[in-house]
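Asker: A structural model of the following input is requested.
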Amino acid sequence: MTTLIESLLDDIAEDTTMSLERRDLLRELLARVVMVAESDAHSKDLRVAVNAIDELLEAFTLFDKWRDRSKLTVFGSARTEPGNALYEMTVEFTAAMTERNWITVSGAGPGIMEASAKGAGKEHTLGVNIELPFEQDANAFIDVSTMLVTMKYFFTRKVALTRPSNAFVVLPGGLGSMDELFEVLTLLDTGKTTPAPVVLLDTPDGTFWKKWMTFIDEAVVSNGYIGPQDMCLVRLATTVTETIDEIEHFYSNYRDFTTKNERGLLSLRRPPTSDQLLDLRAAVPMFDEGAGYRIEDNQTISFNFDGRNFVNLRLVINEVNNWPT
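Answerer: Numbering: from 1, shown residues only. Model (predicted):
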């Protein structure tokens, strides 16, 4: 079977440019196809796997066209009507982010999803719809021919809504919005997605997120299910200006994060000074063991990182963003 797979890869390579990495990935995929063929998996289960791959590849193809643009995902209730203060705030917010050259990623349905697309405009909104017996048609502000994918499964939809995004804004909503928010926080907390700002937006007189934070503090943190620092992953905002400021502040000095040989590599926009590195050691001492914090080049800091504590990583990002320009 290995010979057959290699022969098929050779045939593909004759018509398609293929790097060694891409060939390795395709080899793994074909090997899994063979494993499935030899297994006794139920046909219905296989259908789920095939559909999931199709949906993810369709989404990745759409998003790949916009890989050079920063992307913002907006979550919120499908039941928020035009004229509602939250709806109008969303329109204002995404319009302002479009002016800053951001792409808005939307669930493509009504309510806050519609408001986010309306503000951003058809040319700057990517829609990820879900097939439902209700709320399944894309709103009028989505370009359905070139800027929309429609999915059968919620789990593939959440991958598409979260994987490519550089920031997340969540407005009050129901079970779907809560599911999406906790998905994002779980991904950030476990390092399954790159660090990004999460802003919980409400009106100045709104109590939705204040009550949510009370629940988190009194029922989740106080019982030890998460640490008291874990909520540094979110910020509450009550105006469009605050929301934009939080997103822009997150990227004011921080650029990106990678790991290599159990070292974290934090890329910055401005070279750190020796005094700033000392401040960082004091602020987040967890990563200062062994070789500790080091300036690798003019705009990269490295530190010990075991791939586990992403909450403290967020504290590092907060610290470098607070350094004066």
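Asker: for the closest residue to residue 113 other than its chain neighbours, give its distance to residue 127.
Answerer: Using CB to CB, 6 or more residues apart in numbering and skipping residues adjacent in sequence, the residue nearest residue 113 is residue 107, 4.2 Å away. Any C-beta I mention is one placed from the backbone N, CA and C, and that applies to glycine too. In this structure, residue 107 and residue 127 are 7 Å apart, going by CB to CB, to the nearest Å.
Asker: of these two, who's got more company?
Answerer: Under the neighbour definition other CB atoms under 10 Å, residue 107 and residue 127 were set side by side, and residue 107 has more, 30 against 25.
Asker: for residue 175, see how far away the residue nearest to the spatial centre of the chain is.
Answerer: Central residue check for the chain by CA atoms, centre = their mean: the C-alpha nearest the mean position is that of residue 162, 3.6 Å away. Here the distance between residue 162 and residue 175 works out to 17 Å (CB to CB).
Asker: got a list of what residue 48 touches?
Answerer: Taking CB atoms under 8 Å, 6 or more residues apart in numbering, we find residue 48 in contact with residue 153.
Asker: where in the chain is pLDDT low?
Answerer: For the chain, the stretches flagged by pLDDT under 70 are 1, 134-136.
Asker: quick one, strands of it?
Answerer: Applying DSSP state E to the chain gives strands spanning 71-75, 103-106, 125-130, 148-151, 167-170, 198-201, 235-237, 254-260, 263-268, 294-297, 300-304.
Asker: relative to the third one, what are the paired strands and their orientations?
Answerer: I take that to be strand 125-130. With DSSP bridges as the test, strand 125-130 is paired with strand 103-106 (parallel), strand 148-151 (parallel).
Asker: so which of those strands is the most surrounded?
Answerer: Burial of the strands paired with strand 125-130 is given as mean neighbour count (mean count of other CB atoms under 10 Å); strand 103-106 ranks first at a mean of 28.
Asker: residues contacting it, please?
Answerer: By CB under 8 Å, 6+ apart, strand 103-106 touches 66, 69-74, 94, 97-98, 113, 116-117, 119-120, 124-128, 142, 161, 164-165.
Asker: give me the buried subset of these.
Answerer: Burial by neighbour count, judged by 16 or more other CB atoms under 10 Å, picks out 70-74, 94, 97-98, 113, 116-117, 119-120, 124-128, 142, 161, 164-165 from these.
Asker: where do the domain boundaries of this structure fall?
Answerer: Using automatic domain parsing, the domains assigned to the chain come out as 2-64, 71-250, 254-321.
Asker: how far does the longest one stretch from one end to the other?
Answerer: Between the opening and closing residues of domain 71-250 we find a distance of 14 Å, counting by CA to CA, to the nearest Å.
Asker: quick one: residue 98 from residue 206, how far?
Answerer: Relative to residue 206, residue 98 is positioned 24 Å away (CB to CB).
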